[in-house]
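>>> A predicted structure for the sequence below; I have some questions about it.
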Number of protein chains: 2
Amino acid sequence: MVEITRKQREIQQRTQEILRVAKPILIAEGLQALTMDRVASHMQYAKGTIYNHFPNKEEIVLELAIEAMKLRHKLFDAGASGDRPARMRLMTIGVACEFYTQRCSEEFQVEQWMRNANIWDKSSSERQVIIRQCEAGCMQVVARLVRESLEQGDLPALDHLSPEEMVFGLWAITFGSQILTASSPSLEALGVFDPIRAIRIHCCRLLNGFGWQPILDEHQYLKLVENIAAEYFPRFEQIQREHR
Amino acid sequence: MVEITRKQREIQQRTQEILRVAKPILIAEGLQALTMDRVASHMQYAKGTIYNHFPNKEEIVLELAIEAMKLRHKLFDAGASGDRPARMRLMTIGVACEFYTQRCSEEFQVEQWMRNANIWDKSSSERQVIIRQCEAGCMQVVARLVRESLEQGDLPALDHLSPEEMVFGLWAITFGSQILTASSPSLEALGVFDPIRAIRIHCCRLLNGFGWQPILDEHQYLKLVENIAAEYFPRFEQIQREHR
DNA sequence: GTCAATTATTGACGGAGCGTCAAAAATTTC
DNA sequence: GAAATTTTTGACGCTCCGTCAATAATTGAC
């Protein structure tokens, strides 16, 4: 049923090519450097042709963001798999977040652009929905761990909190710290010298505060995170490579 | 020494008038609606006159952000004062944050715009420095509470964390949740029904996880936050009114 | 193999906002 | 009240956006 002519295939490939051209411009020079004229001339096409693929540059950014969030989702899935206790798999997802921010910094940056109100508001609701679905997917991966722990008794019942609201706190602290780190070049001047370690410790204390077993003291916890990072970073790199 | 002619006073007042005109445009219609032409025609001045006050519209936004952050700083100061235990004054600052987000929503929005890379990168380093100072001021208000608690023994020593890094975690979770709430209209669809209460609980658990006295269970904590809110909201409203 | 129909590409164009700057107007100084 | 200084003005050149009529390429029927 799905016949694809050579020409149609060429057009699909050009959509990919546009994304490949646009991404480094956005990453290196920001949104205002990313113009349709520039993408067109860079590819030796007329501007109108680019407009056949994307109705505006914001949609290009959102398409890049969709790719980025799919990669994030894969990393989360990889972190949540395995048969260790749920709290440790949760820690692995934390490590996946660190990996994503550090080693997939382009994708991380693209996600920031996506949250930019200018961009979000100008792009189509179709792509917005896809983004929301990716977001929900990541949320579900973590919420499943919470549910599992509640069932198994590792995590005492949450009186006033849904499992998703439990995840929301972790999401907020992780996300918040990453935004602050990215947008406050002067964290050191504020007295924050190692934000990554700081957030690791806060997550440990937070989960301890919820009584999530196994309870770990700070020292054990930091050691364990290092081990998980050493073990999982190669797997994450593999996933990153495959995500072409 | 500081002689001010009538004309100079008029010019200073006009700077204020520009801010008063620009703010509702930014709040109601966003950044791209805020144009120098529009501000000028709205005030019945030529565009060049506006450019005598601000070299670009981004600077207008940053100036609004400076006003906003000064208000935030005042609220923090008010929350940190008094002679109750430090942990409770910290909770009061949390309530001040909630007040700011809910009741000073315009200022809160302006702060979001300020973090927009387009705006930040185009504005002068003078204003950027002032913003950083406000940020540092707020940080210091909270960090002082941490130091005080460490000295008094309410808070066990932090092995791997500076007091500012302790604050960083609270900042991250508060800030992160507010951004997520503001930029994810679909939190309910994700299973997050009451993000404000959720973050209150997370803060309680986090501080409990650090062993910060007095330890409170969730129920006591939520009750106490309500009481603090009822007591302090009127004071905060007073500060808001005075902050013209 | 030809030609008409369909589809894709092109780039000039109108519109909008930015920031500038020489000329005009207002104000201050002497 | 005239010269010097300061302030205001708005037209201008620039860049980018998104459109669309004209042109070119492709397809498919015969």
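Yep, that arrived.
>>> Next, work out how far apart the residue lying closest to A:Ala22 once chain neighbours are set aside and A:Ala182 are.
Closest residue to A:Ala22 apart from its sequence neighbours, by C-beta to C-beta, 6 or more residues apart in numbering or on different chains: A:Ile60 at 4.9 Å. Glycine gets a C-beta too; all of them are placed from N, C-alpha and C. Look at A:Ile60 and A:Ala182: by C-beta to C-beta, to the nearest Å, they are 21 Å apart.
>>> now A:Gly211
Taken as C-beta to C-beta, the span from A:Gly211 to A:Ala182 is 32 Å.
>>> Which secondary structure element of chain A has the lowest mean pLDDT?
helix A:117-122 (a mean of 90; mean pLDDT, DSSP states H and E).
>>> Give the buried residues for it.
Of the residues in helix A:117-122, A:Ala117, A:Asn118, A:Ile119, A:Trp120, A:Lys122 count as buried by neighbour count, 16 or more other C-beta atoms under 10 Å in any protein chain shown.
>>> quick one: that helix near DNA strand C?
No. Applying C-beta under 7 Å from any atom of the strand, one finds helix A:117-122 separated from DNA strand C by no less than 12.5 Å.
>>> tell me the mean pLDDT over the helix or strand following that helix?
Scanning forward in sequence from helix A:117-122 by DSSP states H and E, the next helix or strand is helix A:125-152. In this model, helix A:125-152 has a mean pLDDT of 96.
>>> got it, and stretch A:39-51?
Here the average pLDDT along stretch A:39-51 is 96.
>>> circling back: for A:Ile60 and A:Ala182, indicate the residue with more neighbours.
More crowded of A:Ile60 and A:Ala182, by other C-beta atoms under 10 Å in any protein chain shown: A:Ile60, with 26 against 15.
>>> which regions of chain A sit below the pLDDT cut-off?
A:1-5 (pLDDT under 70).
>>> Give me the nearest residue to the residue in it positioned nearest to chain B, chain neighbours excluded.
Ranking the residues of chain A by distance to chain B (C-beta to the nearest C-beta) places A:Gly176 first, at 2.4 Å. Nearest residue to A:Gly176, sequence neighbours excluded (C-beta to C-beta, 6+ apart): B:Gly176, at 2.4 Å.
>>> Find the residue at the geometric middle of chain A.
A:Arg72 (4.2 Å; C-alpha atoms, centre = their mean).
>>> the domain parsing of chain A - what is it?
A:1-54, A:57-242 (automatic domain parsing).
>>> Could you identify which of those is most buried?
domain A:57-242 (a mean of 18; mean count of other C-beta atoms under 10 Å in any protein chain shown).
>>> okay, how far is it across that one, tip to tip?
The straight-line separation of the ends of domain A:57-242 (C-alpha to C-alpha, to the nearest Å) is 27 Å.
>>> and it, how far from the chain's centre?
7 Å (C-alpha atoms, centre = their mean, to the nearest Å).
>>> Any residue of it touching DNA strand D?
Yes. Using C-beta under 7 Å from any atom of the strand, we find that domain A:57-242 touches DNA strand D at A:Lys57, A:Lys122.
>>> ok, back up a step: secondary structure class for the residue of chain A closest to chain B?
helix (DSSP: H, G, I helix; E, B strand; the rest coil).
>>> list the contacts for the residue nearest to A:Thr15 when sequence neighbours are not counted?
Excluding the flanking residues, the one nearest A:Thr15 by C-beta to C-beta, 6+ apart is A:His53, at 5.0 Å. Neighbouring residues of A:His53 by C-beta atoms under 8 Å, 6 or more residues apart in numbering or on different chains: A:Ile11, A:Arg14, A:Thr15, A:Ile18.
>>> Distance check, A:His53 against A:Leu26.
16 Å.
>>> and the closest residue to A:Asp154 other than its chain neighbours, what helix or strand is that in?
The spatial neighbour of A:Asp154 that comes closest, neighbours along the chain excluded (C-beta to C-beta, 6+ apart), is A:Gln213 at 4.4 Å. Secondary structure assignment for A:Gln213, by DSSP H and E: no helix or strand.
>>> Ramachandran coordinates for A:Gln213?
phi -80, psi 150 (degrees, to the nearest 10).
>>> ditto for A:His243
Dihedral angles (degrees, to the nearest 10) for A:His243: phi -80, psi 60.
>>> measure the residue lying closest to it once chain neighbours are set aside to DNA strand C for me?
Computed as C-beta to C-beta, 6+ apart, the closest residue to A:His243 that is not its neighbour in sequence is A:Leu71, at 4.7 Å. Distance, A:Leu71 to DNA strand C, using C-beta to the nearest atom of the strand, to the nearest Å: 29 Å.
>>> What segments of chain A are helices?
Secondary structure of chain A, counting by DSSP state H: helices at A:6-29, A:36-43, A:47-53, A:57-80, A:86-103, A:105-115, A:117-122, A:125-152, A:163-183, A:187-190, A:195-209, A:218-242.
>>> CA atoms of stretch A:11-29 as CSV?
Only the C-alpha atoms of stretch A:11-29 are listed here, as CSV (Å, rounded to 0.1, in the frame of the first residue of the first chain):
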residue,chain,number,x,y,z
ILE,A,11,12.3,14.6,-0.3
GLN,A,12,12.2,12.6,2.9
GLN,A,13,15.9,12.5,3.0
ARG,A,14,16.1,16.2,2.5
THR,A,15,14.0,16.7,5.6
GLN,A,16,16.7,14.9,7.5
GLU,A,17,19.3,16.9,5.7
ILE,A,18,17.6,20.1,6.8
LEU,A,19,17.7,18.9,10.4
ARG,A,20,21.4,18.0,10.1
VAL,A,21,22.2,21.5,8.7
ALA,A,22,20.0,23.4,11.2
LYS,A,23,21.2,21.6,14.4
PRO,A,24,24.8,22.9,14.5
ILE,A,25,23.7,26.4,13.6
LEU,A,26,21.2,26.4,16.5
ILE,A,27,23.7,24.8,18.9
ALA,A,28,26.6,27.0,18.0
GLU,A,29,25.0,30.4,17.2
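>>> near DNA strand D at all, that stretch?
No. Stretch A:11-29 does not reach DNA strand D (C-beta under 7 Å from any atom of the strand); its nearest approach is 10.5 Å.
>>> Give me the contacts around that stretch.
A:33-34, A:38-39, A:42-43, A:45, A:49-50, A:52-54, A:57, A:60-61, A:63-64, A:67, A:106, A:109-110, A:113.
>>> what sits against the closest residue in space to A:Ile93 that isn't next to it in sequence?
Once flanking residues are discounted, A:Ile93 sits nearest to A:Gly79: 4.1 Å by C-beta to C-beta, 6+ apart. Counting by C-beta under 8 Å, 6+ apart, A:Gly79 makes contact with A:Arg89, A:Thr92, A:Ile93, A:Val95, A:Ala96, A:Tyr232.
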